[in-house]
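Enquirer: Dropping a prediction and its sequence here:
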Amino acid sequence: MGRGKRYETEGKLNYQKVLAVILAIAVIIMFIFIIKNVFNEREKLNKDYEYFVLYSANKWGVINQEGEEVISPSYREMIVIPDRAKDVFICTYDINEETGEYKTKAINKKNEAIFTKYEQVEAISNIDKDNNVWYEKSILKVKKDGKYGLIDLTGVELLPCEYDEINALQGIENSILIKKGDKLGLVNDKGSIIIEPNYKEISNLGETYKEGYITIDEQNQYGVVSTTKKQLLESKYEDIKQIYLPNYFFVKEEGKLKVINSSGETVLTEGFDDIKSESSRGLIFVKGNLFGEMNSAGETTIEAKYQYLKEAKEGFYIAKKDDKFGIIDIDQNIKLPFEYIGLTYNEKANLYFAETAEYKTTIIDTDFNIKLEGILSELNTDKSYIRMRIDDEYKYYNFKCEEKANTEILTDNTLFLSKKDGKFGFVNKKGEQVVDYIYDDATEQNEYGFASVKKNGLWGSIDSDGKEVIEPKYNLENNLKIDFIGKWHLGQDLNMNYYCEK
């Protein structure tokens with residue numbers, strides 16, 4: 001018996017409705033993707049990027065902190081990034097090897113030329129006491145109509161182009177020498193003139209700009225000007241030594257070395273060959289190549305019998321005797337034996353760091369108790385922690401030398417280095433395993449979310465989710481520091497501070 005036409009039509013699909021539903025779903029999915037892309041693009045636009053020099057295929061470019069190429073490697077000369085938080089990149093090109101002439105330009109992250117009204121745009125290079133090159137972060141030297149001036153990284157003019165030369169005062173930040181004709185002056189990194197261009201020479205008094213500057217005029221007379229433009233010593237001395245003494249100056253007058261106060265009054269004239277530093281009781285001096293201490297009346301408070309002497313904390317001195325360092329008090333009682341090859345005091349940590357002949361570090365508190373011994377990996381005064389390698393493991397400590405978990409110290413990290421059965425892996429903040437224990441060595445995440453991992457003698461990297469970005473394939477045994485941004489590793493020459501692929 002047949003079921004009739006009703007049954008036969010009931011099972012048929014309405015293809016128009018199905019197609020409409022499929023199209024509707026497709027439109028919704030497409031809309032979701034569009035919205036997601038809009039938010040992603042907006043996030044990228046609002047994101048604060050940092051930039052790093054890239055070296056690849058014998059050319060120089062720029063990457064950001066995610067390892068993305070911003071400027072493709074296309075320049076023969078190294079690109080300079082004065083401030084890695086700003087997309088201002090200084091490029092050198094058209095170099096004439098015979099004449100030494102060259103051209104420069106500034107570009108942004110879109111590879112667009114900026115500050116184009118100037119003939120040249122250059123970063124201001126400097127060099128520290130260890131011969132490491134660095135650059136002034138907030139200013140650029142520009143040239144127009146054959147003269148030099150200063151602009152900031154947004155292009156605002158800080159100093160008009162009217163100087164014959166502009167260069168950094170070597171080793172000192174925030175101190176820029178300006179030259180007009182054959183006379184020197186000095187400005188700070190805001191373009192404010194500290195010393196008018198009236199001098200033959202200008203040098204630093206201490207180790208930073210805050211201590212002031214020594215000036216030499218055309219008559220070879222020495223004076224001192226503060227960073228606030230105050231004349232601390234008038235230009236009348238035959239010499240002023242480059243040593244900062246908070247309450248005194250070490251000068252030469254009428255052929256004789258002497259210590260004077262800020263009023264120019266003589267304090268000390270004899271009993272020393274040299275002055276090295278100020279102490280709470282007076283001055284650390286040198287006599288016959290040995291260090292001692294005297295008060296402002298010239299009375300010896302510590303006999304000159306040490307190879308080195310410097311007050312660390314009030315009443316306690318780091319001293320060197322028989323080629324070894326130790327600590328003495330004001331009565332020359334030995335508080336720490338003379339058995340270390342190096343010894344420093346860190347004021348922020350309030351700890352002594354002593355180096356042993358085995359290239360290990362002994363950390364000592366201010367009561368002269370040994371707190372830690374191992375290989376010092378990091379002393380971070382910003383976040384107040386110490387990282388030590390002890391018994392082949394990395395351990396973290398606060399400045400009380402209390403051991404802390406890496407999760408307590410590295411609070412911004414998503415992954416944390418962990419060791420099990422002689423192998424390294426990574427866990428999350430809950431201690432749950434994220435990356436298998438398969439690596440022979442590894443580093444903690446850097447501030448950009450990448451960690452370096454080592455297997456079979458070769459290095460690679462993982463991202464913040466524990467995913468392998470580049471499998472271990474680089475031999476970096478000659479690198480003093482192992483660090484990755486994406487697939488790029490830090491170059492061997494730390495002075496140049498660039499990322500590359502070996």
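Expert: Right, received. Where do you want to start?
Enquirer: switch to C-alpha atoms for all contacts and neighbour counts from now on
Expert: Fine.
Enquirer: so where's the chain uncertain?
Expert: 1-22, 24, 26-29, 31-47 (pLDDT under 70).
Enquirer: can you list the domains in it?
Expert: For the chain, automatic domain parsing gives the domain ranges 1-47, 409-502.
Enquirer: Report the distance from the longest one to the chain centre.
Expert: For domain 409-502, the distance from its own C-alpha centre to the chain's C-alpha centre is 21 Å (Cα atoms, centre = their mean, to the nearest Å).
Enquirer: Same question for stretch 133-148.
Expert: Averaging C-alpha positions (Cα atoms, centre = their mean) puts stretch 133-148 21 Å from its chain's average.
Enquirer: Return the set of buried residues in that stretch.
Expert: Buried residues in stretch 133-148, counted by 16 or more other Cα atoms under 10 Å: W134, Y135, E136, K137, S138, I139, L140, K141, V142, K143, K147, Y148.
Enquirer: now stretch 160-170
Expert: Result for stretch 160-170 [16+ other Cα under 10 Å]: buried residues C161, E162, Y163, D164, E165, I166, A168, L169, Q170.
Enquirer: how close does the second one sit to S125?
Expert: According to Cα to Cα, to the nearest Å, E162 and S125 sit 20 Å apart.
Enquirer: before we move on, could you check phi and psi at T407?
Expert: Torsion angles at T407 (phi, psi; degrees, to the nearest 10) stand at phi -70, psi -30.
Enquirer: give me the number of residues near it?
Expert: Per other Cα atoms under 10 Å, the neighbour tally for T407 reads 19.
Enquirer: Confirm G326 sits in a strand?
Expert: Yes. Applying DSSP: H, G, I helix; E, B strand; the rest coil, one finds G326 inside a strand.
Enquirer: show me what contacts it?
Expert: Each residue near G326 by Cα atoms under 8 Å, 6 or more residues apart in numbering is listed here: I318, A319, K320, I334, K335, L336, P337, F338, E339, Y340, L343.
Enquirer: Which members of those are classed as buried?
Expert: By 16+ other Cα under 10 Å, the contacts of G326 give I318, A319, K320, K335, L336, F338, E339, Y340, L343 as buried.
Enquirer: residues contacting the second one?
Expert: Applying Cα under 8 Å, 6+ apart, we find A319 in contact with Y306, Q307, Y308, L309, K310, F325, G326, I327, I328.
Enquirer: Surely M30 forms part of a helix?
Expert: Yes. With three-state DSSP as the criterion, M30 is part of a helix.
Enquirer: Now E173: closest residue in space that isn't a chain neighbour?
Expert: Distance criterion Cα to Cα, 6 or more residues apart in numbering; nearest residue to E173, sequence neighbours excluded, is Y209 at 6.6 Å.
Enquirer: quick one: the helices in the stretch 301-450 of the chain?
Expert: 406-409 (DSSP state H, counting those that start in this stretch).
Enquirer: Which of the contacts of G326 fall in strands?
Expert: I318, A319, K320, I334, K335, L336, P337, F338, E339, Y340, L343 (DSSP state E).
Enquirer: Looking at those residues, which one is closest to C91?
Expert: L343 (42.5 Å; Cα to Cα).
Enquirer: Quick check: the closest one vs Y308, distance?
Expert: L343 is 11 Å from Y308, by Cα to Cα.
Enquirer: Find residues that contact each of the two.
Expert: Common neighbours of L343 and Y308 (Cα under 8 Å, 6+ apart) are I318.
Enquirer: okay, now Q332: neighbour count?
Expert: 15.
Enquirer: correct me, but it touches I302?
Expert: Yes. At 7.4 Å, Q332 counts as touching I302 under the criterion of Cα atoms under 8 Å.
Enquirer: circling back to that earlier point, of the contacts of A319, which is the most crowded?
Expert: Counting neighbours by other Cα under 10 Å, L309 comes out on top of the contacts of A319 with 27 neighbours.
Enquirer: In the sheet, which residues pair with the residue nearest to it when sequence neighbours are not counted? Tell me.
Expert: Among residues not flanking L309 along the chain, A319 sits closest, at 4.5 Å (Cα to Cα, 6+ apart). In this structure, A319 bridges to L309, G326 when assessed by DSSP bridges.
Enquirer: Which residues lie in contact with S138 in this structure?
Expert: P82, D83, D152, L153, D189.
Enquirer: Distance of the closest residue to the third one other than its chain neighbours relative to A357?
Expert: Yep, that's D152 we're talking about. Once flanking residues are discounted, D152 sits nearest to I139: 4.4 Å by Cα to Cα, 6+ apart. I139 is 44 Å from A357, where distance means Cα to Cα.
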